[in-house]
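> heads up, no residue letters with this:
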């Protein structure tokens with residue numbers, strides 16, 4: 001139970017960080033392009049790559065710390081970083097086809113899902 005509580009606190013911190021960074025980028029660069037989301041996704045991917053590699057290859061973090069940082073904080077900060085990290089893991093393990101399928105399916109199917117959601121909401 002304590003593990004879930006700590007994970008929840010890390011997730012809340014990631015969510016708040018995303019909101020603050022996204023808002024700051026919106027103020028800095030304007031709203032004509034989703035700069036906030038782009039910067040959040042780029043910085044989250046950089047952090048997952050850096051911290052994930054330190055955890056896996058250098059064993060610098062205990063598994064519990066890795067879970068709190070990568071799943072809790074960064075998972076709430078941006079799920080795009082999880083997508084990128086999992087795609088990289090497939091690629092690194094020689095699963096090029098699965099990595100490609102993950103990229104195409106995630107982008108295309110998610111956009112289709114969004115469009116279906118819009119369509120369904122407009123029916124109401």
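On my side now, so go ahead. In this text, all values refer to a predicted model and were calculated from it rather than measured experimentally.
> Look through the chain and tell me its longest helix.
When the chain is parsed with DSSP state H, its longest helix is helix 2-29.
> counting contacts, what elements does that one pack onto?
Packing contacts for helix 2-29, counted by 3 or more CB pairs under 8 Å, 6 or more residues apart in numbering; DSSP states H and E, involve helix 35-57, helix 74-77. For every residue, glycine as well, the C-beta is placed using N, CA and C.
> Could I get those in JSON lines, plus columns for mean neighbour count?
Shown next, in JSON lines, are these (neighbours: other CB atoms under 10 Å):
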{"stretch": "helix 35-57", "mean neighbour count": "17"}
{"stretch": "helix 74-77", "mean neighbour count": "24"}
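> Quick one: closest of those to residue 116.
Residue 116 lies closest to helix 35-57 among the helices and strands packed on helix 2-29, at 21.2 Å (CB to CB).
> Helix or strand next in line after that closest one, which one?
Downstream of helix 35-57, the first helix or strand assigned by DSSP states H and E is helix 63-66.
> what does that next one rub up against?
With contact meaning CB atoms under 8 Å, 6 or more residues apart in numbering, helix 63-66 is reached by 3, 51-52, 55.
> Spatially nearest residue to residue 36 (excluding sequence neighbours)?
residue 22 (3.2 Å; CB to CB, 6 or more residues apart in numbering).
> Please look at the one you found and residue 37 and confirm they touch.
Yes - if you go by CB atoms under 8 Å, residue 22 and residue 37 touch, sitting 6.4 Å apart.
> before we move on, back to that, so the longest helix of the chain versus helix 35-57, what angle?
Calculated by axes from the mean of the first three to the mean of the last three CA atoms, to 10 degrees, helix 2-29 forms an angle of 140 degrees with helix 35-57.
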